[in-house]
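Trainee: build the 3D model from these lines:
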Amino acid sequence: MNGLSLLSDLRGRLAGLSRRRWLMAVIVGWLVLRADGPGLWPQPPVDPPRIIHARPAPCDEEPAAEEAEAPDEPPPHVHEWTAGGVPHPMWMIEKEYVRCGEVVSVSVMQEVDHDTCTVTLPPCSFPNNDAENGVVVLQCDDGGAGGEFGHLDAQGGFVAGDPITHYRAALDNPGIVQLRAQCDDLPTALDPATGQEIQTFDDDPWWTDGTAWDGSPNGRFTVWEFTISDGAVGFRPVLDAWVGPFTAKIEPATDHNGQSMARPIYFELFSSAEPGYCLNRTREHDPHEWNDTGLGDTDLKFSFPDQQGLTVHSTDFNGWWRNEAWTNEEVTTCAVDIMCLDYGAFGTLTATATVIGYPTAARLLLSDNPRTYSTYQVNGQTLYREYAPIPWDVDANYIADVWMRNSGNAADDEEDEGQCPVKGDGFSRYEEYRGFCVNGPWTELDPDAHKDVFVIDGNDPPLGIGSFAGLGVTPQVFNTPAAAGEFLADCTINFNHGTAHKHLQHGIWVVKWPLPEDGECGRTPKALNAPATFCYIDDDEILGLYGPARHMDARGAVVSHELGHACNLEHCATHQCFMHWPWNVADPLAQLYCEAPCKHAWHLY
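Mentor: Below you'll find the predicted structure:
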């Protein structure tokens with residue numbers, strides 16, 4: 001092969017090489033040819049030339065920039081994510097102590113979720129291989145405390161459900177509450193290298209564990225309550241009756257910080273102060289005793305001596321009321337009893353304690369299972385009753401609701417309406433409820449039945465009242481030996497009046513008395529309602545006119561006649577009527593009061 005052929009063949013072999021590598025190959029080839037023979041002269045056949053790779057000789061000139069070879073591109077970074085730790089969103093609660101049923105604002109202060117990229121080479125575009133994810137609250141929970149999550153409407157009323165901005169504590173479950181939130185991450189982040197949103201690690205939803213970022217307790221608070229029990233269930237005031245117990249209670253016993261909730265408890269008794277213990281009796285001693293019922297005494301008192309653990313105090317000048325009491329120590333519960341000293345007593349009992357920094361009145365608790373409070377409405381708003389009534393008196397007429405005749409206002413007086421121009425008997429509904437003592441024992445009257453008329457029969461043996469009840473009245477008969485102090489000298493009956501008093505009422509005194517006129521068996525100088533209304537009965541004259549056989553019947557007719565006059569009845573023309581006049585001894589004795597005019601004309605005041 002001649003030199004030209006060799007060069008041609010070599011040029012073909014190097015055609016695809018770069019300029020730099022091509023020059024190197026040419027130089028190497030020239031060196032080979034030079035070693036094999038002088039110049040380009042023909043040479044004898046030899047083995048194929050060997051290609052020797054040699055480093056080019058140093059050169060002072062740098063290759064042109066366009067001739068430099070570009071470096072290889074590194075492979076792109078591929079993120080691989082793992083969870084970087086569980087966030088601790090923190091509850092923000094309006095107050096640490098929340099009363100049962102109270103609404104408070106709540107919110108969750110979010111902490112971002114951190115995810116870690118585990119690929120280190122090439123380097124991650126996120127600083128420190130850390131991506132931050134947002135956190136959302138999926139649902140809230142109070143650990144079974146019975147409260148509700150919700151928000152306020154435009155009127156400020158609580159509405160359960162999303163969005164959650166408030167919490168309403170349960171009414172029936174005082175205790176320690178731990179709020180929790182179920183959270184989830186938003187597993188995306190903006191890649192700093194590309195500005196594109198990429199997928200990060202998707203954590204499973206988790207519940208907050210009751211701790212804050214620093215490990216301290218979070219979301220815990222105390223739902224508390226202060227109540228007083230209903231100690232007057234079914235109570236109707238009676239002299240010397242105990243009413244209660246009324247139990248004041250602070251719950252729970254220990255708060256969310258482990259501190260005792262015990263406090264001093266203060267009780268205050270508001271009481272009526274009716275004179276005496278009913279309309280015509282009283283009990284007074286000299287010197288004064290704690291359970292006296294005179295002027296200046298209240299009808300409801302804390303008992304004497306003081307109940308163990310309590311100090312009792314009176315706020316009146318005399319020191320007779322015994323209307324305040326307080327515990328000698330800090331307690332979470334205390335029960336008190338009340339003494340009733342009047343048949344018409346009424347009042348209230350309150351309990352107060354500084355439970356969370358300011359004096360708070362106890363709510364009236366009607367039942368503990370299920371827990372039920374006494375509430376009432378004011379302008380459409382539900383309010384809690386913060387006193388215990390003694391007795392229960394929802395219609396506010398000073399009369400116990402359990403009384404079977406509690407069906408009207410305290411001042412009602414309408415017996416036998418329509419039978420008489422003047423309604424009633426002069427005793428109000430409250431007075432008839434409060435009652436009288438008649439010959440010793442106490443009795444209540446009936447405001448819905450016949451009119452009550454008091455008759456004082458001061459005779460021995462008694463003269464009786466004849467057929468007086470036939471007039472349509474209910475006689476209450478006193479006999480003086482057993483009735484000392486039950487009426488005044490002028491026959492006043494309701495002299496211990498106070499609440500809902502309508503009229504000063506008198507009794508009719510039936511007296512055996514000789515009359516100056518021959519044939520006169522009875523005389524009634526004045527009628528009700530005037531002080532000292534007397535019916536004079538000449539029983540000896542009756543016996544003389546009618547004889548022993550007709551004596552009792554005749555006396556009964558005369559007494560019936562005079563009691564009719566005492567009730568403002570006039571004489572009647574009907575011969576069979578007790579009010580007929582003139583009488584003829586030979587005539588048959590009257591047996592009744594006529595329907596007209598007698599039963600339509602009588603009145604007692």
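
Trainee: so which bits of stretch 376-388 are buried?
Mentor: 384-388 (16 or more other C-beta atoms under 10 Å). Every residue, glycine included, has its C-beta placed from N, CA and C.

Trainee: with stretch 87-106 instead?
Mentor: In stretch 87-106, counting by 16+ other C-beta under 10 Å, buried: 87-91, 93, 97-104, 106.

Trainee: wait, which of these is closest to residue 356?
Mentor: Of all the buried residues of stretch 87-106, residue 356 sits closest to residue 97, with 4.4 Å by C-beta to C-beta.

Trainee: contacts only, for residue 537.
Mentor: 463, 510-513, 521-522, 555, 558-559, 562 (C-beta atoms under 8 Å, 6 or more residues apart in numbering).

Trainee: count the neighbours of the closest residue to it other than its chain neighbours for me.
Mentor: Closest residue to residue 537 apart from its sequence neighbours, by C-beta to C-beta, 6 or more residues apart in numbering: residue 522 at 5.1 Å. Residue 522 has 23 neighbours, counted by other C-beta atoms under 10 Å.

Trainee: in a strand, residue 349, correct?
Mentor: Yes - Residue 349: assigned to a strand according to DSSP: H, G, I helix; E, B strand; the rest coil.

Trainee: what residues are bridge-paired with it?
Mentor: Following DSSP bridges, residue 349 is listed with bridge partners residue 269, residue 388.

Trainee: right, and it touches residue 390 too?
Mentor: Yes - counting by C-beta atoms under 8 Å, residue 349 touches residue 390, with 6.3 Å between them.

Trainee: common neighbours of those two, please.
Mentor: By C-beta under 8 Å, 6+ apart, the residues touching both residue 349 and residue 390 are 231, 338.

Trainee: could you look up the SS state of residue 535?
Mentor: On the basis of three-state DSSP, residue 535 is classed as strand.

Trainee: state the distance from it to residue 463.
Mentor: 9 Å (C-beta to C-beta, to the nearest Å).

Trainee: so residue 251 sits against residue 353, correct?
Mentor: No - using C-beta under 8 Å, residue 251 makes no contact with residue 353, being 11.7 Å away.

Trainee: the more surrounded of those two?
Mentor: The neighbour comparison of residue 251 against residue 353 (other C-beta under 10 Å) goes to residue 353, with 25 against 18.

Trainee: which SSE is that one in?
Mentor: strand 347-354 (DSSP states H and E).

Trainee: can you list contacts of the helix or strand just after that strand?
Mentor: Downstream of strand 347-354, the first helix or strand assigned by DSSP H and E is strand 359-361. Contact with strand 359-361 is made by 226, 350-354, 386-387, as judged by C-beta under 8 Å, 6+ apart.

Trainee: can you add distance to residue 340 and pLDDT and give these back as CSV?
Mentor: Converted to CSV, the contacts of strand 359-361 look like this (distance: C-beta to C-beta, whole Å; pLDDT from 0 to 100):
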residue, distance to residue 340, pLDDT
226, 26, 98
350, 17, 98
351, 19, 98
352, 23, 98
353, 26, 98
354, 30, 98
386, 22, 98
387, 17, 98
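
Trainee: from one end of stretch 580-587 to the other, what's the distance?
Mentor: Taking C-alpha to C-alpha, to the nearest Å, stretch 580-587 runs 11 Å from one end to the other.

Trainee: helix or strand: which one has the closest residue to residue 434 other than its chain neighbours?
Mentor: With sequence-adjacent residues excluded and distances taken as C-beta to C-beta, 6+ apart, residue 434 is closest to residue 344, at 3.2 Å. Residue 344 is part of no helix or strand, with elements assigned from DSSP H and E.
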